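J.: Provided below for reference: sequence and predicted model.
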Amino acid sequence: MDFQHIKKTLVIALVTPLFLNAQYTDVINSNRPGRAVSAYAVGKNVIQAEIGVVYEQQDNIDLNSDSNIFGTDFSFRYGLLFEPLEIKWEGTFINQNILFTDLNTEETRTDFTQNRIGLKYLVFDPFKNPENNKPNLYSWRANHKFQWKNLIPAVSIYAGATLNLGENPFYPTDPVASPRVAVATQSRLSPRLVLISNISYDRIGTDFPEWGYAVSLTHSFRDPKWSVFIENQGISSDRYSDLLLRTGVAHLFSPNFQADFHLGSGFKNSPSRIFAVLGASYRLDFHKDKLVAIQDQKAGENGSIPKNAQKKKRKKKKKKDKKDKDDVDF
């Protein structure tokens, strides 16, 4: 894995934003299951919770230890100020019981293995202009076949901080807060297939900075309430490096509630990791569409593009003014 290339990509994406609008969806937009984060925000005035219950079996041949982990992962998201922006607090809190087989001793560690807060902003949305993405009313095949333009992803940037409060046994030397930046992309390859990718640089300025990536492919069935996904995650740090693979399923019970389940494992034996996660996502939707009069619309607002609206408005006003003047003269 060429992390120098990843670093250059991240820097370029951070310094060349195109400030556009996000797409609010009528159904919940959850980052679950998995770790890959969507490029889209939840929408202005939407409050969303994404919570999972975690079980993991973790063994380390270098330390001759076996451990069981129980915990929860969570993400609380809020659409802040305007459509493309959201603030997010996310974390994982676990209880790990470790048995050192050589010494026949046990140890318990309880704390956050992940605890961070930050802002995500959508900087480019290829579907912002509905006129360029209208369906073909005469061809089912044209609407469902692969199109090269579908590879163009939505792009968002993230900036925040990883928190390390108190005496955390998992990160004993880290400061209370360290910067974190990330880029998320999302491509709709077809009406049922979505590709998401993330690149992140975490714990910046600490003794153990961490590069990471995640690539997730999600497919929805003919019944769109069901979907499956497969995901690959990579972590590179002097403290811990690994490649993780996940797969699972999600079900949409209502426009505001989704449940999910996934399994995963790592590729190392120091430690080896096998885990299962059962989760759910729920939102409180206080979003209100901003309605704009047809003659005042710009491209993409209210789902249409009135090409000559302003011209017609001026012409109509001119006729009205002339009629009013004639009535006065009479």
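T.: Thanks, I have it.

J.: pull out the buried positions in stretch 121-128.
T.: Residues of stretch 121-128 classed as buried by neighbour count (16 or more other CB atoms under 10 Å): 121-126, 128. C-beta here means a position set from N, CA and C on the backbone, and glycine is covered the same way.

J.: I meant to write stretch 216-234 there.
T.: Here stretch 216-234 shows 216-218, 220, 227, 229, 231-234 as buried, counting by 16+ other CB under 10 Å.

J.: ok, stretch 273-281 next?
T.: For stretch 273-281, using 16+ other CB under 10 Å, the buried residues are 273, 275, 277, 279-281.

J.: repeat that for stretch 52-60.
T.: 52, 54, 56, 58-60.

J.: quick check, nearest of those residues to Phe286?
T.: Nearest to Phe286 among those, counting by CB to CB, is Gly52 at 24.4 Å.

J.: I'd say the closest one and Ser30 touch.
T.: No: counting by CB atoms under 8 Å, Gly52 stays clear of Ser30, with 10.9 Å between them.

J.: now do the shared contacts for these two.
T.: Asp260 (CB atoms under 8 Å, 6 or more residues apart in numbering).

J.: the strands in this protein, which residues?
T.: 46-60, 65-79, 85-100, 105-124, 154-163, 177-190, 193-202, 210-220, 226-236, 242-254, 257-266, 272-285 (DSSP state E).

J.: make CSV from those and add distance to Arg35 to it.
T.: Listed next are the strands of the chain as CSV, based on distance: least, CB to CB, whole Å:
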stretch, distance to Arg35
strand 46-60, 11
strand 65-79, 9
strand 85-100, 10
strand 105-124, 10
strand 154-163, 13
strand 177-190, 11
strand 193-202, 8
strand 210-220, 5
strand 226-236, 5
strand 242-254, 8
strand 257-266, 9
strand 272-285, 10
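
J.: just for the stretch 51-200 of the chain, where's the confidence low?
T.: 129-146 (pLDDT under 70).

J.: got the CA positions of stretch 28-40 in PDB?
T.: The C-alpha coordinates for stretch 28-40 follow below in PDB (Å, rounded to 0.1, in the frame of the first residue of the first chain):
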ATOM      1  CA  ILE A  28     -32.400   7.700   6.400                       C
ATOM      2  CA  ASN A  29     -28.800   8.100   5.100                       C
ATOM      3  CA  SER A  30     -26.800   5.900   7.500                       C
ATOM      4  CA  ASN A  31     -23.100   5.100   7.500                       C
ATOM      5  CA  ARG A  32     -23.900   1.600   9.000                       C
ATOM      6  CA  PRO A  33     -23.100  -1.100   8.500                       C
ATOM      7  CA  GLY A  34     -19.300  -1.000   8.300                       C
ATOM      8  CA  ARG A  35     -16.700   1.800   8.800                       C
ATOM      9  CA  ALA A  36     -16.800   3.600   5.400                       C
ATOM     10  CA  VAL A  37     -18.400   7.000   5.700                       C
ATOM     11  CA  SER A  38     -20.900   8.400   3.100                       C
ATOM     12  CA  ALA A  39     -19.900  11.600   1.300                       C
ATOM     13  CA  TYR A  40     -23.400  13.100   2.000                       C
END
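
J.: off-centre distance for it?
T.: Averaging C-alpha positions (CA atoms, centre = their mean, to the nearest Å) puts stretch 28-40 4 Å from its chain's average.

J.: just stretch 183-200 next, same as before
T.: That offset, for stretch 183-200, works out to 9 Å (CA atoms, centre = their mean).

J.: again with stretch 24-32
T.: 10 Å.

J.: let me see the residues that make contact with it.
T.: 37-38, 40, 42-44, 46, 48, 50, 52, 75, 83, 250, 252, 255-258, 260, 279-283, 287, 289.

J.: related to what we said a few turns ago, looking at the buried residues of stretch 273-281, which is nearest Leu189?
T.: Relative to Leu189, and with distances defined as CB to CB, the nearest of the buried residues of stretch 273-281 is Ser281, at 22.8 Å.

J.: tell me the bridge partners for that closest one.
T.: Glu50, Gln258 (DSSP bridges).

J.: just use 17 as the starting number from now, easier for me
T.: All right, first residue 17 from here; so that's Ser297.

J.: surely it meets Gln274?
T.: Yes: using CB under 8 Å, Ser297 is in contact with Gln274, at 4.6 Å.

J.: of all pairs in the buried residues of stretch 232-250, which one is the farthest apart?
T.: Ser236 and Gly250 (25.7 Å).

J.: buried sites along stretch 276-292?
T.: Those would be 276-278, 280, 282, 287-289, 291, for stretch 276-292 by 16+ other CB under 10 Å.

J.: just stretch 180-195 next, same as before
T.: 180, 184, 186-187, 190, 193-195.

J.: please apply the same query to stretch 42-59.
T.: With burial defined by 16+ other CB under 10 Å, the residues of stretch 42-59 counted as buried are 44-59.

J.: how about those residues, which pair is most distant?
T.: Arg51 and Gly59 (22.0 Å).
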